[in-house]
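In: Sequence plus the predicted model coming up.
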Amino acid sequence: MTAPRLLVPLSFALLSACAQQPTQPVALDAESECPIRLQIGQPLTLSLPSNPSTGYRWHVENPAATVLNSLGPEVYSAPEEEEMVGSAGVSTWRYQATNVGTSQLVLVYQQPWAKDVAPVQTFECKVIVR
């Protein structure tokens, strides 16, 4: 194949790669990282410290459903080096930006049976999707 015949398809491939939306995952683990800006199709992973053995759990109060789509339920994991019962770990949620707009992602840390008691912690993050 001659150089010009090879160059044209290669040029189209490079141009189409540049036109695609970024899909680099964004990791979020603190309110100080907010507001968070995403592109449509971009994944978001939210990780917060958690210790379900105390009876406290994170509850998604506002999932920012107008701009984010949940990719599954909360996943809890404990550090491998901590083999003690009751040790703290991390709760993780996965989302994908689906619509242009702005919304608020809100989670509260409380005991599920004590809804009338104020949460011991709240996580709020403004999510902007363009």
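Out: Okay, I see it. This one's a predicted model, so the numbers in the text were calculated from it and none came from an experiment.
In: the bottom helix or strand of this protein by mean pLDDT?
Out: Using mean pLDDT, DSSP states H and E, helix 3-19 stands out as the lowest-scoring helix or strand of the chain, at a mean of 47.
In: Next secondary structure after that helix?
Out: strand 26-28 (DSSP states H and E).
In: buried sites along that following strand?
Out: 26, 28 (16 or more other CB atoms under 10 Å). (Glycine included, C-beta is placed from N, CA and C.)
In: same thing with stretch 70-80?
Out: So for stretch 70-80, counting by 16+ other CB under 10 Å, buried means 74, 78.
In: residues making contact with that stretch?
Out: Residues outside stretch 70-80 that contact it (CB atoms under 8 Å, 6 or more residues apart in numbering): 43, 50, 52, 58, 60, 63, 87-96.
In: give me that answer again for 7 Å
Out: Contacts to stretch 70-80, defined as CB atoms under 7 Å, 6 or more residues apart in numbering, come from residues 50, 52, 58, 63, 87, 89-96.
In: With stretch 49-69 instead?
Out: Contacts of stretch 49-69 with the rest of the structure, by CB under 7 Å, 6+ apart, involve 44, 48, 70, 74, 76, 85-86, 88-91, 95-99, 101-112, 120, 127, 129.
In: do stretch 97-112 as well
Out: Residues contacting stretch 97-112 (CB under 7 Å, 6+ apart): 38-42, 44, 48, 55-64, 66-69, 117, 119-130.
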